[in-house]
Every structure is written in C-alpha cells, then in structure tokens.
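Asker: this one's sequence-less:
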Ligand SMILES: [Zn+2]
C-alpha cells in the first residue's frame, strides 16, 4: 500500500465537513479515536514508516485546532505538550511518533528476552546468529523492517542497561510505559484533576485548560504574534484596558460582576486571582471533593461564557448583558449538578448540593 493511502485509511474518521460544528472537545474525541485505532491495530502489528507517522500527527494536530486541508489554524498549544499526560498539563494524546518508537521497544524487548515466538526464533536464526541483539549490525540488504528496529536500538539500550524497560508488575513490557518514558518527567500540573473533573462541561474543560495557560488568542497575544489588531482594548468594559487573559478573566469589571453573582449563588468566597492560582486555592480549601468540583465548574463556565461574550462583541458587535450570562450559567450548572443527585460524592455535601439545586 502507498504511504498516502495508509495515512488516508488511518485518518478516515477525520471529516473536515463537520469539523467546524464540533467544539474543541468534540474534535479532541475524534483525534483520540484516530490515534487509538493506530495503537490498537496498526501500531501493534507493524512499525509505521516515519513519513506516515509524521503525516498522521500533522493531520490530527491541524484537525484538533480547527484547520483543514486548505486552511491552517494556529496551534494554541504545542503538539509535544498535548501529548503529555493530563497530570503533566497535556491532553493525554498518544502522539503517533513516540508511540511507534515505544512499539518497536516491545519487539526489541522480545528479542532481548528471547521470548517464545516464531518471529524471535527466526530473527535470531537468520540475522543475529552468534551476536547479541545490541552488537548486531543490520545488513544493508536486510528488510526495511529489520533496519528500522535496529536504528532505534540505542535509545532502547539505555533503558535496558539501566535495568528497566519499565516493565509491568508481571515483568512484561508495556508500550504505554515505554511511551511515558519517552515523554519523560515533565513538571506536574497540580490542578489537573480539578480541570478535568466530570462536573465541568466537556467543552468548558477544554477552554479552562487553555485559558489557565494563557493560550486563548487574546488581543495582547495576537499583537505579540505579529498580527495586526486595530483596537487592542477590552471590548467588554469601557475602561480602555489592553485585552489580556489577566484583564479579561480577572480584572475586567464585566467578569467581576459575573463572578460576584455566581459566588453569591454558590454561597462561597474566593478572591479574584489569575485562573491557575484560583484553581490552586480551590484545591487547598478544606472543602469536600464535590464542592471543589462544582466550584471549578463555575470557573469553567465563567471562562467559556466570557470568551463567548467577548467574541460576540468583537466579531458581531453584539453586547451580551452580564445578567444574561449569570442566568445562563446558573441554569446550565443546575442541570449539570442535578445529574449527581444520587451519587455518593454529592451526598457527602448534601447541604451544598441542596442550596444550589433548590
Ligand atoms: Zn474589560
């Protein structure tokens, strides 16, 4: 099969026609499904050629940010970071490139351990003979597949000599562990659990994750990127302040009014700080888990609806009343919170739950 046909086959679920109607959260789901199909089928059977791996990653990346074959969109977060586990600030996307390497790791491990399989016996008999896996040099006329495995050996040897192919408790090689090793130890995102908690609406989780890292395309960022911006001021208030994440989500009097009303509704107090700090404060509170999740959902809703109101004003000239936003968020959250009525975690903070849903 030709490489581009293989790419098309793997990425056949990516349909640009509907991409625009899907939110980031929707496109993230499709991306995960595409990459999962590689890992569960293609990746475990074959080693994919580098050109295929690169092309699949590129297609997924462009699709996730809302671009298509003709028009590229800015990647708001690097693909490398997106591939980190959520606990380390990423989206837990199993990027195709590193996954491919980790899959090769499994084959090498089988060879090193001389696992009982026809393939292992065959390779030892034909290629390795009296050498070891590590000292063996792949002949130039050997198959592409064999040369590929050998070219990745050095990376694997380091793991191996350090006494770890990062094996499971049963002493088996795990591709996922190999993959995480390749990603390495990244800084931990302490509030990841809160950001991705299920009470927050999926599309709002994504925005919260973006805004928390200052990754939305606010006017100050656009200017820094060299994009021409006619008016750099915040369009939600009349104070002439430059539109930045800090202004839009913390200092702006419009967001302050929305936040005050919602905190009053939830009967809680949190000082106005930047998003990440706010989440860290929620995490440290002596609240029950569910209460922390709901308060994070309020943060997510604020970010999402403020950004939406900003876009309505900026692109269509329509000013949404802050009271409409507050009412909308409360309605939306009551439906959401109500879904947890019969769960243990909601029972543990019954009075808080009742206070919101009464
Ligand atoms: Zn403002």
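Answerer: That came in fine, so what should we check first? It should be emphasised that the depicted structure is a prediction, and the values quoted were computed from it without experimental measurement.
Asker: Residue 224 versus residue 240, what's the distance?
Answerer: Counting by C-beta to C-beta, to the nearest Å, the gap from residue 240 to residue 224 is 19 Å. Just so you know, the C-beta spots here come from the backbone N, C-alpha and C atoms, and that holds for glycine as well.
Asker: neighbours around the closest residue to the ion within the stretch 1-150 of the chain, how many?
Answerer: The nearest approach of the stretch 1-150 of the chain to the ion comes at residue 76, 21.5 Å away (C-beta to the ion). By other C-beta atoms under 10 Å, 17 other residues sit near residue 76.
Asker: ditto for residue 74
Answerer: Residue 74 has 13 neighbours, counted by other C-beta under 10 Å.
Asker: doesn't residue 217 make contact with it?
Answerer: Yes. In this structure residue 74 lies within contact range of residue 217 using C-beta atoms under 8 Å: 7.0 Å.
Asker: hmm, back to that, and the residue of the stretch 1-150 of the chain closest to the ion, how far from residue 213?
Answerer: Shown here: residue 76 relative to residue 213, a distance of 9 Å by C-beta to C-beta.
Asker: How about residue 254: what's its closest non-neighbour residue?
Answerer: Nearest non-adjacent residue to residue 254, counting by C-beta to C-beta, 6 or more residues apart in numbering: residue 236, 4.1 Å away.
Asker: and what of residue 87?
Answerer: residue 192 (5.0 Å).
Asker: Check residue 114 too.
Answerer: Leaving aside its sequence neighbours, residue 114 sits nearest to residue 120 (C-beta to C-beta, 6+ apart; 6.2 Å).
Asker: any idea of the pLDDT on the one you found?
Answerer: pLDDT for residue 120: 86.
Asker: hang on, it is in a strand, isn't it?
Answerer: No. Residue 120 is assigned helix when assessed by DSSP: H, G, I helix; E, B strand; the rest coil, not a strand.
Asker: Quick one: residues contacting it.
Answerer: Residues near residue 120 by C-beta atoms under 8 Å, 6 or more residues apart in numbering: 110, 111, 114.
Asker: Quick one, which of the residues you listed are buried?
Answerer: Buried members of these, scored by 16 or more other C-beta atoms under 10 Å, are 110, 111.
Asker: Among the contacts of residue 120, which has the minimum pLDDT value?
Answerer: By pLDDT, residue 114 ranks lowest within these, coming in at 76.
Asker: can I assume that one is in contact with residue 124?
Answerer: Yes. With contact defined as C-beta under 8 Å, residue 114 reaches residue 124; the gap is 7.1 Å.
Asker: any idea of the pLDDT on the residue in the chain sticking out farthest from the centre?
Answerer: Within the chain, the residue lying farthest from the chain centre (C-alpha atoms, centre = their mean) is residue 130, at 46.0 Å. The per-residue pLDDT reported for residue 130 equals 86.
Asker: Give the helix, strand or coil label for it.
Answerer: When classified by three-state DSSP, residue 130 comes out as coil.
Asker: quick one, phi/psi of it?
Answerer: The phi/psi pair for residue 130 (degrees, to the nearest 10) reads phi -90, psi -10.
Asker: What of residue 173?
Answerer: According to degrees, to the nearest 10, residue 173 has phi -80, psi 140.
Asker: And it, what's its pLDDT?
Answerer: With respect to pLDDT, residue 173 scores 80.
Asker: nearest residue to it other than its sequence neighbours?
Answerer: Spatial nearest neighbour of residue 173, excluding adjacent residues (C-beta to C-beta, 6+ apart): residue 109 at 4.0 Å.
Asker: so the one you found makes contact with residue 171?
Answerer: No. Counting by C-beta under 8 Å, residue 109 stays clear of residue 171, with 10.5 Å between them.
Asker: More neighbours: the two, which one.
Answerer: Between residue 109 and residue 171, counted using other C-beta under 10 Å, the more crowded position is residue 109 (22 against 8).
Asker: separation between the more buried one and residue 245?
Answerer: Separation of residue 109 from residue 245 (C-beta to C-beta): 45 Å.
Asker: helix, strand or coil for the residue most central in space within the chain?
Answerer: Geometric centre of the chain, nearest residue: residue 91, 1.5 Å, by C-alpha atoms, centre = their mean. Secondary structure, three-state DSSP: residue 91 is coil.
Asker: For it, grab phi and psi.
Answerer: With angles defined as degrees, to the nearest 10, residue 91 sits at phi -110, psi 10.
Asker: Isn't it up against residue 28?
Answerer: Yes. Between residue 91 and residue 28 there is a contact under C-beta under 8 Å: 6.4 Å.
Asker: So for residue 325, what's the nearest residue that isn't a sequence neighbour?
Answerer: The shortest distance from residue 325 to any non-neighbouring residue, by C-beta to C-beta, 6+ apart, is to residue 305 (4.9 Å).
Asker: Good, we can wrap up now.
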